[in-house]
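>>> Please find the sequence and the predicted model below.
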There are 2 protein chains.
Amino acid sequence: MSKKAIVFLADGTEEMEFTIAVDVLRRAKVEVTVVGVKLKNSTVAECSRGVKIVPDVELQHEGQSWNANDYDAVVCPGGMGGALTLRDDSKVQQLVATFYEKQKIVAFICAATIVAKSSGIPGSHKVTSYPSVKDDLKDFYEYVDDRVVVDQNVVTSRGPGTAFLFALTLVEQLVGKGIADNLKSEMLLTAKLE
Amino acid sequence: MSKKAIVFLADGTEEMEFTIAVDVLRRAKVEVTVVGVKLKNSTVAECSRGVKIVPDVELQHEGQSWNANDYDAVVCPGGMGGALTLRDDSKVQQLVATFYEKQKIVAFICAATIVAKSSGIPGSHKVTSYPSVKDDLKDFYEYVDDRVVVDQNVVTSRGPGTAFLFALTLVEQLVGKGIADNLKSEMLLTAKLE
């Protein structure tokens, strides 16, 4: 059975981090559902640099038109505006906390590592983030400056320039290193990702 | 006055190549207009891996709600489905040909280098592309396997893994190397892009 992943989308989400995660996971045959969170215009998100993206479903319809229990991973893209929306949304916090407890993958890139903290991911974990939110995180987590950090089921990364490595790491975790390596070649990424 | 760029969007466009071009150019304060081409659903493009993106304007309204003469560059993203639509659209061909003749930047990534050929960009140019369309191009152009090729006002590149370098090269051409270098640092891209 295919692995399934949720990728959140809010107004102000960083569109490169979002798109690279969705696209690379789908290339790996992971079934991705784009879940809109508190969009001002419920049919389309206005991303951080103005790219307008339409979600597949909305978070508020969870349990009705779709069910979070069906998924193996949740991905929170960065972009400060989008990350703040995710950080403060109680349904996001609840979903991330539940995935963490069930040992499903919880993944955060760029500013979105603040969502890990607001969702109650314990401070014992090793994480990274975009440098601008490091001060909010470094006294609570074991903070490192690596491009991607995998600590049990918690995966974190730093920004647009680490988004391919982040997405390929999620592919590796969900469906294996062989498929990740094939995608790296297909997408013409050089060996120098890290 | 700000530089202005058109980025085309069609059904089947590679969403990472599209989004990286738009986002990075906008970070550099280039005014980008996303121009939809022959979308089945006129309000939204279904990209190559299912990401749904809304254009700013439609190509068929050129000369009415917006004017191509106002722009300094045109960017054609890849994705085979989208590239074929661009290749065969007479308005795209005409716009690209006019930009080329006026020595504005004409830029193609991945499969979209086939649009250069259909638009009449002369065979004297040095180009690259995604490997799958190399055979269509190599006898007509001086074909090279470099990650990004700048030959006068014709800029070409290879695929998702070269999209950041492609976008930063366009930034360098439009607004200068200093701004491109700052963005590279802001986006946490390593030195090893090429």
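Here it is on my side, so go on. Numbers count the residues shown, from 1 in each chain, chains lettered A, B, ... in the order given.

>>> and chain A, which residues reach chain B?
Neighbours of chain B within chain A, by C-beta under 8 Å from any C-beta of the partner chain: A:14-16, A:19-20, A:22-24, A:26-27, A:32, A:34, A:44, A:48-54, A:130-131, A:147, A:158-162, A:164, A:184, A:187-190, A:192. Bear in mind the C-beta positions are built from the backbone N, C-alpha and C, glycine included.

>>> Give me the neighbour count for the closest residue in space to A:Trp66 that isn't next to it in sequence.
The spatial neighbour of A:Trp66 that comes closest, neighbours along the chain excluded (C-beta to C-beta, 6 or more residues apart in numbering or on different chains), is A:Val57 at 5.0 Å. When neighbours are defined as other C-beta atoms under 10 Å in any protein chain shown, A:Val57 has 15 of them.

>>> looking at it, A:Val57 is touching A:Asn67, isn't it?
No. Using C-beta atoms under 8 Å, A:Val57 is not in contact with A:Asn67, being 10.3 Å away.

>>> that older thread, who are the contact partners of the residue nearest to A:Trp66?
The contact partners of A:Val57, by C-beta atoms under 8 Å, 6 or more residues apart in numbering or on different chains, come to A:Thr33, A:Val34, A:Val35, A:Gly36, A:Ser65, A:Trp66.

>>> same thing but at 10 Å, please
Contacts of A:Val57 were listed using C-beta atoms under 10 Å, 6 or more residues apart in numbering or on different chains, and they are A:Ile6, A:Thr33, A:Val34, A:Val35, A:Gly36, A:Gln64, A:Ser65, A:Trp66.

>>> with these in mind, which one is nearest to B:Gly123?
Nearest to B:Gly123, judged by C-beta to C-beta, of the contacts of A:Val57 is A:Val34 at 41.8 Å.

>>> so who does the closest one touch?
Shown in contact with A:Val34 (C-beta under 10 Å, 6+ apart): A:5-9, A:18, A:21-22, A:45, A:53-57, B:50-52.

>>> quick one, strands of chain A?
For chain A, applying DSSP state E gives strands covering A:4-9, A:31-36, A:45-46, A:52-54, A:57-58, A:73-76, A:105-109, A:126-127, A:142-143, A:148-151, A:154-157.

>>> now the ones you listed as CSV including mean pLDDT and distance to B:Ala180?
Output for the strands of chain A, formatted as CSV (pLDDT from 0 to 100; distance: least, C-beta to C-beta, whole Å):
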stretch, mean pLDDT, distance to B:Ala180
strand A:4-9, 98, 28
strand A:31-36, 98, 30
strand A:45-46, 98, 26
strand A:52-54, 98, 25
strand A:57-58, 97, 38
strand A:73-76, 98, 29
strand A:105-109, 98, 23
strand A:126-127, 98, 30
strand A:142-143, 98, 29
strand A:148-151, 98, 25
strand A:154-157, 98, 23
